[in-house]
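*Asks:* Show me how the following folds:
(chains A, B, C and D)
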2 protein chains.
Amino acid sequence: MTELASFDIFMRTAFGVEPAARAGLQLKAMAEAKCLGPHEEAPLGKRESNVLYIGSGATKLAARASDNREQIVAFHFGGDIFSVPADDLHSYSVSSLEPTSLLVFPARPFFDCASSDPRISRALLERQRTALHRCRDKAVALGQKNALERLAGFLFAMADRIGTGSGVRRILDLPMSRRDIGDSLGLTIETVSRQLGALRKAGLIETHGRSRIVVRDLNDIAHLSGHCGKSERTEPIEADFDLDQCERLPVGVARPQTGGQS
Amino acid sequence: MTELASFDIFMRTAFGVEPAARAGLQLKAMAEAKCLGPHEEAPLGKRESNVLYIGSGATKLAARASDNREQIVAFHFGGDIFSVPADDLHSYSVSSLEPTSLLVFPARPFFDCASSDPRISRALLERQRTALHRCRDKAVALGQKNALERLAGFLFAMADRIGTGSGVRRILDLPMSRRDIGDSLGLTIETVSRQLGALRKAGLIETHGRSRIVVRDLNDIAHLSGHCGKSERTEPIEADFDLDQCERLPVGVARPQTGGQS
DNA sequence: CGACAAGTTGAGGTCGTTCAAAGAACGTGG
DNA sequence: CCACGTTCTTTGAACGACCTCAACTTGTCG
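*Replies:* Numbers count the residues shown, from 1 in each chain, chains lettered A, B, ... in the order given. Okay, here's the model as predicted:
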């Protein structure tokens, strides 16, 4: 019953296809519904890739590098569809950040079936493209940006995905811990905390409790994130920030990874 | 004429579909054939995403972070299909590493058309999934691995994609420069050179000229790359390498990004 | 063979990490 | 409703990997 309901919502909201369509019935046959507690790993067959749909809640997709090294590859929220790689070079896992309901499909038959319906395959191609572009932007951040830029980029992305509020002010109720943020950005929790502290002291954000972060002006955060594309959403900020008026801060858009200060 | 020929090859090898099929004719109408010299940027409309097919040659897909910071997101070789993001958070570009012939499609109509043919959409979904998994593995490397592991992972991946030779010994004729390798791994060319030198002194690789690298035993490289999945292709190497017998080397599988030694 | 580009090697500096401890936030039970 | 204990977060000091700067060497092409 609950499985039926969530699957039908999945078909309609994700693809705009009635669950009674032929492809819908086939997909339903291979769907498996799960409910996860606050911090629980989704049970997946690691031997083959899976496709997941998040009905509600929030999850992290993480890869193990070795003993104590975990890289969070993506966060996912209600309505997201994404594929989880089978264990190959790295071992991947999906864990909930809060109570979460999701659907699990085996990837190969899922895609086999999905490609039979143009509406579904078109939607999936688009979602995969989005996922790939997000992952590439993450690679740029991990490869070329310093801690402050990475954190600003994270806040900017989260504001876009789960932020509330209007205008340039955004309220973020982050379901992930500092450790998760660090694991996502390739930083330690201490560095995350230090950079958040710097942003707070600079007056760019407020923190309330553990999970709420208020972005005072999203444009400030966007400029700090070192993005470099056409997205000049407003006129450049004046005077390039006087972050250093508050603290010993890496001023301006800093260097590649670390190193010199100019 | 040349355009026709390369497009037909594209349809047959990439999708196993005859170019005369309905979708084939539509795709052909939007295809644009290009030939690039040794080091040339592909002319792309940056306003919208593109899909590229590499007929022959080799290219790098790079993102600009700011003035002097370039992150190579992926390398592509003959037969590859991939999408190039429109300029958004970062500005992306495709450049040849050697003389290259390619086809350029505008992404939206390409996917619109592709999804109408199950064979094409199925193949594209699979290729996108591969690209996404590669990008995720790259994110793990950039976020969690040290210079030696990243370089080993790079050699391992290149051996898999363009390596020649049989058994555990592989010959790599790399079309990319040290700078490209560095930009791909989030390292400087000096660090790349130093780590290559370390591998050479450890007897794990040979370098001949600028572009040829011979991997003596691919398993050694695989183990050094810090991968952590089911891919235990052979029995673990004995004694965990005596790299330090040769030089002052970060021994063992080192720590997350930098820092302490234990 | 000669010149320029690409790669290598060395010395010193910085950012982020590691180790360590204090401080705040949240859940529990009285 | 408030005290307590655990967990998460913040802050501090010192180390190390990688970067920067600079000079030298090698490879490649005209």
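*Asks:* what's the domain layout of chain A?
*Replies:* For chain A, the structural domains run A:2-141, A:145-245, going by automatic domain parsing.
*Asks:* The shortest one near DNA strand C at all?
*Replies:* Yes - if you take CB under 7 Å from any atom of the strand as the test, domain A:145-245 does meet DNA strand C, through A:Asn146, A:Ala147, A:Leu148, A:Gly186, A:Leu187, A:Thr188, A:Glu190, A:Thr191, A:Arg194, A:Gly209, A:Arg210, A:Ser211. Bear in mind the C-beta positions are built from the backbone N, C-alpha and C, glycine included.
*Asks:* show me what contacts the residue nearest to A:Arg134 when sequence neighbours are not counted?
*Replies:* Distances taken as CB to CB, 6 or more residues apart in numbering or on different chains place A:Ala74 nearest to A:Arg134, at 6.7 Å, with adjacent residues excluded. Residues near A:Ala74 by CB atoms under 8 Å, 6 or more residues apart in numbering or on different chains: A:Lys60, A:Leu61, A:Phe82, A:Ala131, A:Arg134, A:Cys135, A:Lys138.
*Asks:* hmm, back to that, what is the most widely separated pair among the residues of domain A:145-245 next to DNA strand C?
*Replies:* Using CB to CB, the residues of domain A:145-245 next to DNA strand C span at most 27.2 Å, a distance reached by A:Asn146 and A:Gly209.
*Asks:* Just checking the distance from the worst-scoring helix or strand of chain A on mean pLDDT to the centre of its chain.
*Replies:* Least confident helix or strand of chain A, by mean pLDDT, DSSP states H and E, is helix A:2-10 with a mean of 84. The chain centre lies 24 Å from the centre of helix A:2-10; the measure is CA atoms, centre = their mean, to the nearest Å.
*Asks:* How about stretch A:124-134?
*Replies:* 13 Å.
*Asks:* ditto for stretch A:167-174
*Replies:* Between the centre of stretch A:167-174 and the centre of its chain there are 16 Å (CA atoms, centre = their mean).
*Asks:* Would you mind extracting the C-alpha trace of the least confident helix or strand of chain A into PDB?
*Replies:* Extracted C-alpha coordinates of helix A:2-10, given in PDB (Å, rounded to 0.1, in the frame of the first residue of the first chain):
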ATOM      1  CA  THR A   2       2.600   2.500   1.100                       C
ATOM      2  CA  GLU A   3       4.800   1.100  -1.600                       C
ATOM      3  CA  LEU A   4       2.100   1.600  -4.200                       C
ATOM      4  CA  ALA A   5       1.500   5.200  -3.100                       C
ATOM      5  CA  SER A   6       5.100   6.300  -3.200                       C
ATOM      6  CA  PHE A   7       5.700   4.600  -6.500                       C
ATOM      7  CA  ASP A   8       2.800   6.300  -8.100                       C
ATOM      8  CA  ILE A   9       4.100   9.700  -6.800                       C
ATOM      9  CA  PHE A  10       7.500   8.800  -8.200                       C
END
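*Asks:* can the helix or strand just after that helix be found next to chain B?
*Replies:* The C-terminal neighbour of helix A:2-10 among helices and strands, as given by DSSP states H and E, is helix A:22-30. No - using CB under 8 Å from any CB of the partner chain, helix A:22-30 never reaches chain B; the gap is at least 10.6 Å.
*Asks:* tilt between helix A:22-30 and helix A:2-10?
*Replies:* Using axes from the mean of the first three to the mean of the last three CA atoms, to 10 degrees, the inter-axis angle of helix A:22-30 relative to helix A:2-10 is 140 degrees.
*Asks:* Which one (most neighbours) among the residues of domain A:145-245 next to DNA strand C?
*Replies:* Most neighbours among the residues of domain A:145-245 next to DNA strand C, by other CB atoms under 10 Å in any protein chain shown: A:Gly186, with 27 neighbours.
*Asks:* So that one sits against B:Gly143, correct?
*Replies:* Yes - the pair A:Gly186 / B:Gly143 is scored as a contact, 3.2 Å apart, by CB atoms under 8 Å.
*Asks:* how far is the longest helix seen in chain A from where the chain is centred?
*Replies:* The helix that spans the most residues within chain A, counting by DSSP state H, is helix A:118-144. Helix A:118-144 has its C-alpha centroid displaced from the chain centroid by 11 Å (CA atoms, centre = their mean).
*Asks:* That helix: what's the following helix or strand?
*Replies:* helix A:147-162.
*Asks:* looking just at contacts, which helices and strands does that next one meet?
*Replies:* Counting contacts by 3 or more CB pairs under 8 Å, 6 or more residues apart in numbering or on different chains; DSSP states H and E, helix A:147-162 is packed against strand A:69-77, helix A:118-144, strand A:170-173, helix A:178-185, helix A:189-201, strand A:212-215, helix A:218-224.
*Asks:* so, in contact with DNA strand C or not, the first one?
*Replies:* No - using CB under 7 Å from any atom of the strand, strand A:69-77 stays clear of DNA strand C, with a minimum separation of 8.6 Å.
*Asks:* how far off helix B:118-144 does that strand point, in degrees?
*Replies:* 130 degrees.
*Asks:* So in that sheet, which strands flank the following helix or strand past strand A:69-77, and in what orientation?
*Replies:* Sequence-wise, the next helix or strand downstream of strand A:69-77 (DSSP H and E) is strand A:81-84. According to DSSP bridges, strand A:81-84 has the following sheet partners: strand A:50-56 (antiparallel).
*Asks:* Check which residues of the partner strand are buried.
*Replies:* Burial within strand A:50-56, assessed by neighbour count using 16 or more other CB atoms under 10 Å in any protein chain shown, is assigned to A:Asn50, A:Val51, A:Leu52, A:Tyr53, A:Ile54, A:Gly55.
*Asks:* A:Arg47 contacts A:Asp87, correct?
*Replies:* Yes - when contacts are counted by CB under 8 Å, A:Arg47 is listed as touching A:Asp87 (7.5 Å).
*Asks:* So these two - more neighbours on which side?
*Replies:* A:Asp87 (21 against 9).
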